[in-house]
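Asker: Below are the sequence and a predicted model for it; my questions follow.
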Amino acid sequence: MTEPETETGGTGPAGVDPAVTDRGAGADVGTAAARVRRAAMFTALAAIAPLCVVGVALTASTRLEGLIVAVGLVLALGVLREWSLDGYTRTAVFTLAFTGVNWLVAALTAASPITFVPFALIGSLLASGRRRHRKLWVGALAVVVAAAGATALLPRPPTVPLVGQYVLLPLLGTLFVAGVIVVCEYGWTVVRRLERARETERELAIAHERMRFAGDLHDIHGHSLHVIKLKAAYAQTLVRSGDTAAAEAELAEIRGLAADAITSTRELAHARHQLNLPAELENTRRLGEAAGIAVEIRYDPDADRAHPLLAQVLREATTNLLRHAHPRTVGITASSTRIEITNDGLTADADPEPELSGLARLRDRLVAAGGDLHVSTTRTTFSVAAHLDRSAVGDHRDTGPGTESR
């Protein structure tokens, strides 16, 4: 269920996100499934419980009858708490048998006809779990409930009220209860499939970023290694010909190429290779879209001149929220000297001050460059804010290779 994103301002081309790694497959799925499961339970209770209360009040002639119905409902609620799309425990089967016998005894003794509800509810939960021939299972359940109720006619002459209370009411009531359960399970199944599809989409986006990272690594080393190979062969030829001065010059160039490759690799590993803020804003927007996160971006026109360190902060924050949080929305405010990233994925059991080594390293680098980085939390939000002095904005273009804009 991808949420719509909102974006203010423009962004440049997408950046590379090599630091993104897999999240636990199913973390979001589990959280969403728990919410949908609770919603299904409450919906079923809201539809069935009021009818039970009214039915007991109208049909129970003694407190004992009301107590018997209440015990059956409590057992049914216990099974409802175990409601799952993936099967039930043996307890559910035993409870079904108990409530079935309870309904049969109630019919034979002409007790409250509402006694069928616990049996119908548990039976509906089990029958709806049968993906094949579900309608047949539900119909068979309704017939069994009505047949058990029809035993009330054995020791008594059949009358219209008696047939209505112990045959028609249980038959129609069971179909109603089963309908509620089936509808709830259908919605639950749809949401679970959507969540799994979103998880798959997120993993594909992460795999795409890894491929982009591998491509950057190839671009860095492919040319350098090829040139080194050619120069090494040429230097070998010069040595054989006795031109040691020219051979030494070639070897010096080979050493320089190797040093440049090492530097470029280190910059790429630290996510500093040719980063700029507009590119990373677009990259975050795309990753959020793939993960079903609404991303709102606000940035000043001068953000194009932002120091690459601010782009690295955005990349690290994006990586962290994809790894550790389950946000619905992410807000980003950026300028040439400051960036703030806020997400609403902080859970109640999360560490209010998590140890994020990547941000800690960036904080040290920001401090060295004359800036700072702060992490703040509320009950449900996590924010990362970084800023640099304006003097650093004009100086970053001369700080060495790997920091120029795309």
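Answerer: In hand now; what should we look at? Residues are numbered from 1 along each chain as shown.

Asker: just for the stretch 151-300 of the chain, where's the confidence low?
Answerer: Scanning the stretch 151-300 of the chain with the threshold set as pLDDT under 70 gives 215, 219-220, 222-223, 226, 269-275, 290.

Asker: now the helices for it?
Answerer: Under the criterion DSSP state H, counting those that start in this stretch, the stretch 151-300 of the chain contains helices at 160-163, 169-241, 244-269, 277-291.

Asker: what's the neighbour count on residue 114?
Answerer: Look at residue 114: counted by other Cβ atoms under 10 Å, it has 29 neighbours. Placement of C-beta: from N, CA and C, glycine included.

Asker: what's the answer for residue 304, then?
Answerer: 15.

Asker: cool, and residue 241?
Answerer: Other residues close to residue 241 by other Cβ under 10 Å number 10.

Asker: Over to residue 154?
Answerer: Per other Cβ under 10 Å, the neighbour tally for residue 154 reads 9.

Asker: distance of it from residue 108?
Answerer: Distance, residue 154 to residue 108, using Cβ to Cβ, to the nearest Å: 7 Å.

Asker: Touching, residue 312 and residue 359? I think so.
Answerer: No. Taking Cβ atoms under 8 Å as the definition, residue 312 is not a contact partner of residue 359, at 9.9 Å.

Asker: Name the spans of the stretch 1-150 of the chain whose pLDDT lies under the cut-off.
Answerer: 1-33, 56-58, 60-61, 87-89.

Asker: which residues in it form helices?
Answerer: Using DSSP H, counting those that start in this stretch, helices in the stretch 1-150 of the chain cover 27-59, 63-81, 90-108, 116-128, 134-150.

Asker: by contact count, what packs against the shortest one?
Answerer: I take that to be helix 116-128. Using 3 or more Cβ pairs under 8 Å, 6 or more residues apart in numbering; DSSP states H and E, the elements in contact with helix 116-128 are helix 27-59, helix 63-81, helix 90-108, helix 134-150, helix 169-241.

Asker: can you redo those as a markdown table with distance to residue 265?
Answerer: Output for the helices and strands packed on helix 116-128, formatted as a markdown table (distance: least, Cβ to Cβ, whole Å):
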| stretch | distance to residue 265 |
| --- | --- |
| helix 27-59 | 32 |
| helix 63-81 | 55 |
| helix 90-108 | 58 |
| helix 134-150 | 58 |
| helix 169-241 | 6 |
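
Asker: Ok, which of the helices of the stretch 1-150 of the chain comes nearest residue 206?
Answerer: helix 27-59 (13.4 Å; Cβ to Cβ).

Asker: coming back round to it: how about TSV for the helices of the stretch 1-150 of the chain, with mean neighbour count and distance to residue 199 added?
Answerer: TSV is the format used below for those (neighbours: other Cβ atoms under 10 Å; distance: least, Cβ to Cβ, whole Å):
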stretch	mean neighbour count	distance to residue 199
helix 27-59	15	6
helix 63-81	17	26
helix 90-108	18	29
helix 116-128	27	25
helix 134-150	18	27
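
Asker: possible to save those as a markdown table with distance to residue 339?
Answerer: Listed next are the helices of the stretch 1-150 of the chain as a markdown table, based on distance: least, Cβ to Cβ, whole Å:
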| stretch | distance to residue 339 |
| --- | --- |
| helix 27-59 | 26 |
| helix 63-81 | 46 |
| helix 90-108 | 53 |
| helix 116-128 | 50 |
| helix 134-150 | 53 |
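
Asker: Give me the distance from stretch 119-133 to the chain's centre.
Answerer: Its chain's average C-alpha position is 29 Å from that of stretch 119-133, according to Cα atoms, centre = their mean, to the nearest Å.

Asker: Can you tell me what sits against it?
Answerer: 48, 72, 75-76, 79-80, 83, 85, 87-88, 92-93, 95-96, 99-100, 102-103, 134, 137-138, 140-142, 144-145, 148, 170, 173-174, 177-178, 180-182, 185 (Cβ atoms under 8 Å, 6 or more residues apart in numbering).

Asker: redo that, cut-off 6 Å
Answerer: With contact meaning Cβ atoms under 6 Å, 6 or more residues apart in numbering, stretch 119-133 is reached by 76, 79, 95-96, 99-100, 103, 137-138, 141, 145, 174, 177-178, 181-182, 185.

Asker: can you check stretch 330-337 too?
Answerer: So stretch 330-337 is in contact with 288, 293, 295-300, 302-303, 305-306, 340-343, 387-388, 390, 393, going by Cβ under 6 Å, 6+ apart.

Asker: Only whichever of those residues are buried, select them in PyMOL.
Answerer: Buried residues within these, by 16 or more other Cβ atoms under 10 Å, are selected in PyMOL with:
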select buried, resi 288+293+295+296+297+299+303+305+306+340+341+342+343+387+388+393
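
Asker: Relative to residue 325, which of the helices of the stretch 1-150 of the chain is closest?
Answerer: Per Cβ to Cβ, nearest to residue 325 of those: helix 27-59, 9.8 Å.

Asker: residues touching residue 251, list them.
Answerer: Counting by Cβ under 6 Å, 6+ apart, residue 251 has contacts residue 235.
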